[in-house]
Each structure stands twice: as structure tokens, then as C-alpha cells.
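**Student:** Here's my sequence, what's the structure:
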Amino acid sequence: MSSHPTREDCFVLNVDESYLGDGRAGAGGLLRRGDGSWVTGFNGFLGIANNTYAELMTLFVGVKLPNNMGCNQVCCYSDSKTIIDIVTKPVNKYHCYASVIACFQKLLRID
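**Tutor:** Coordinates of the predicted model:
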């Protein structure tokens, strides 16, 4: 595996969700160092959910990994621009996932 193109001193997080049309959803991701070496990974069943919730929870679980390890230099990759936009823009207090988004933003220290 090649090194991360931008930073060798950061962690790299890759996340993706799995959503079956019948509502079953899962989460998975991996955390590695910038040089490509393995740190840890995760996967799990999210229960019955929609695609947006599955993507949001996968990213939330994934970002907690390096945060729990005390790392503050993380490059995160997700295939969901919608979720990235949701968590990086001001939260709409009427959004159906407003509480999860607010927790995520607090974790990232986004105001």
C-alpha cells in the first residue's frame, strides 16, 4: 500500500455503509497511518435504517476511532458528499438527525 499523498504524520480513515433496499444497514471502515500501515478497523450491523442514517452513523463511528486514540490529524474519506455537507455546515435544528449531527460536530469541534 502506498503512503498517503498529503501527510505521512496523519491517520487516514476510510468509511462506507451498506444499505440493503429492505432497510437493513451496516457500517464499516478502517484506520491506517499516512504511510499505509494498518491501525484498526470496524464493522457492524446498524439495524433497520435508511441510507442517510447509515452513512451518518458510519462516519460518526469511524471518526470516534482516532478521536478515542487522542489523534487530531485525520484525513477522512467517504463516498457520501451529502453526509459530508450535513456534518460540516450549520445544523438545522429541525433536521430529523439534528441531535446526531450536533454530537458529530461537537466531536469535530465544528461550530
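
**Student:** Now for the residue located most distally from the centre of the chain: which residues touch it?
**Tutor:** The C-alpha centroid of the chain is most remote from Asp22, which lies 22.9 Å away (C-alpha atoms, centre = their mean). By C-beta atoms under 8 Å, 6 or more residues apart in numbering, no residues touch Asp22. Any C-beta I mention is one placed from the backbone N, CA and C, and that applies to glycine too.

**Student:** Show me the longest helix that occurs in the protein.
**Tutor:** Counting residues, the longest helix found in the chain (DSSP state H) is helix 51-68.

**Student:** Could I get the contacting residues of Gly47?
**Tutor:** Arg24, Ala25.

**Student:** per-residue pLDDT, it?
**Tutor:** If you check Gly47, the pLDDT there is 91.

**Student:** do the same with Leu31
**Tutor:** pLDDT, Leu31: 91.

**Student:** I figured it was touching Ser37, is that so?
**Tutor:** No: under the criterion of C-beta atoms under 8 Å, Leu31 makes no contact with Ser37, lying 10.5 Å away.
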